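Asks: Output the structure for:
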Amino acid sequence: MSVNSSTLKRTLRANNQNLAKALEMKKAELRATQDKLLELTTEHQAVLQELNFLRTASNIQNVADFEAEVKRRVDVSTNVCSTV
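Replies: Numbering: from 1, shown residues only. Just a heads-up that it's a prediction; the model follows:
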């Protein structure tokens, strides 16, 4: 019975160590994912602020009109760049 008990203890200890390592890896993955989410959320907020600024600056409130104006300006910029 003693041999089985010590074998069981070694097996449980090894399993616990493996589980602890796996848990630490998952925690690290979760931290990395949370950091990326925070980065993307911050970037998204900055883009929304810039969009609102541009809408206000251009005094265009209709999204379709705004998108058309952006496309027009991009086309103008593209044409200017291609002539230079």
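Asks: Distance from the chain centre to the lowest-mean-pLDDT helix or strand in the chain, please.
Replies: Within the chain, confidence by mean pLDDT, DSSP states H and E is lowest for helix 63-83 among all helices and strands, at a mean of 77. A distance of 29 Å separates the centroid of the chain from that of helix 63-83, by CA atoms, centre = their mean, to the nearest Å.
Asks: Now do the helices in this protein.
Replies: Remark: helices assigned in the chain by DSSP state H are 2-58, 63-83.
Asks: Remind me what the first one packs against, helices and strands.
Replies: Using 3 or more CB pairs under 8 Å, 6 or more residues apart in numbering; DSSP states H and E as the contact criterion, the secondary-structure elements in contact with helix 2-58 are helix 63-83. (Each C-beta comes from the backbone N, C-alpha and C, glycine too.)
Asks: what angle do the helix it packs on and helix 2-58 make?
Replies: 80 degrees (axes from the mean of the first three to the mean of the last three CA atoms, to 10 degrees).
Asks: tell me what helix 63-83 is packed against?
Replies: The contact analysis (3+ CB pairs under 8 Å, 6+ apart) places helix 63-83 against helix 2-58.
Asks: what about the helix it packs on, average pLDDT?
Replies: Mean per-residue pLDDT for helix 2-58: 90.
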